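Please find the sequence and the predicted model below.
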Amino acid sequence: MTISAPGHLSADAKPNAVYRYFDHLGRLVFVGIAIRHGRHHGQVDPQRPEWLQYAERYDIEVCRDRDAAFRCKREMVEEFRPPFNKVYNANWQEIRSAYLSLRAAEDLLASIQAGGPEPAPSEDAAPQCRSSPRIAAPETASTPESFESMLANLFKGGRS
């Protein structure tokens, strides 16, 4: 395809398709271009790009030529910042890293909610809730006065 003058296509101009790939929550993860729509999946790199594992659905926008497809892709990438597009995507490394962290957290949460194994606590994790041996629980904390006096004693270094 060649453009002989602004806005005028040569006879060999061919439609191109812009593909938008979305994850399971409808977040745009990648924008791509293909010469023939409907055949892009067969043209995917045999090494399987990283983003493909997150793609749950896609849609296609057919553009009149390759230049229009590139303009469309650029506008989408600049506006939506898909995590796996590098070109036209300022700070793509940080966006990709944040997306992958988010997906890992979502997967962990889904696993826990489904009754899967919980992660082992890390050594620097906060301790489980338990009584502190330094502070004796008050015998009666049923009235606001006893709670207030307990707090006052704690801040003074005493016990109730």
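That came through fine. Numbers count the residues shown, from 1 in each chain.

where does this structure have low pLDDT?
Residue ranges of the chain with pLDDT under 70: 1-12, 36-46, 116-160.

Could you pull out the strands in it for me?
3-5, 8-9, 16-22, 28-34, 57-63 (DSSP state E).

how about His24, what does it touch?
His24 is in contact with 54, 56, counting by Cβ atoms under 8 Å, 6 or more residues apart in numbering. In this view, the C-beta of every residue, glycine as well, is placed from N, C-alpha and C.

What about Phe70, how many residues nearby?
Neighbour count of Phe70, defined by other Cβ atoms under 10 Å: 16.

just to revisit the earlier point, could I get the strands of the chain as TSV with mean neighbour count and distance to Gly115?
Formatted as TSV, the strands of the chain follow (neighbours: other Cβ atoms under 10 Å; distance: least, Cβ to Cβ, whole Å):
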stretch	mean neighbour count	distance to Gly115
strand 3-5	10	59
strand 8-9	12	59
strand 16-22	20	28
strand 28-34	20	28
strand 57-63	13	28
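
I'd like to know which of those is closest to Glu94.
When the strands of the chain are compared by Cβ to Cβ, strand 28-34 sits nearest Glu94, at 15.3 Å.

In this structure Val18 contacts Lys73, no?
Yes. Between Val18 and Lys73 there is a contact at 5.4 Å, judged by Cβ atoms under 8 Å.

which residues do those two both contact?
With Cβ under 8 Å, 6+ apart as the test, Val18 and Lys73 both reach 31-33.

any idea which of those is closest to Asp65?
Of those, the one sitting nearest to Asp65 (Cβ to Cβ) turns out to be Ile33, at 11.1 Å.

Show the contacting residues for that closest one.
Contact analysis of Ile33 by Cβ under 8 Å, 6+ apart lists 16-19, 66, 69-70, 73.

what ranges do the helices span in the chain?
Taking DSSP state H, the helices of the chain run over residues 66-80, 92-113, 144-156.

Could you identify which of those helices is most buried?
Mean neighbour count (mean count of other Cβ atoms under 10 Å) peaks for helix 66-80 among the helices of the chain, with a mean of 16.

And the contacts of that one?
Here helix 66-80 makes contact (Cβ under 8 Å, 6+ apart) with 1, 3, 14, 16-18, 20, 28, 31-33, 35, 61, 63, 82, 85, 87-89.

Pull out the CA atoms of that helix and give them to me as CSV.
Output of helix 66-80 as CSV, limited to C-alpha atoms (Å, rounded to 0.1, in the frame of the first residue of the first chain):
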residue,chain,number,x,y,z
ARG,A,66,-2.2,0.0,6.9
ASP,A,67,-1.6,3.7,7.7
ALA,A,68,-5.1,4.1,9.1
ALA,A,69,-4.6,0.9,11.2
PHE,A,70,-1.3,2.2,12.6
ARG,A,71,-3.0,5.5,13.5
CYS,A,72,-5.9,3.6,15.2
LYS,A,73,-3.5,1.4,17.1
ARG,A,74,-1.4,4.3,18.3
GLU,A,75,-4.4,6.2,19.5
MET,A,76,-5.7,3.2,21.5
VAL,A,77,-2.3,2.4,23.0
GLU,A,78,-1.7,6.0,24.0
GLU,A,79,-5.2,6.3,25.6
PHE,A,80,-5.5,2.9,27.3
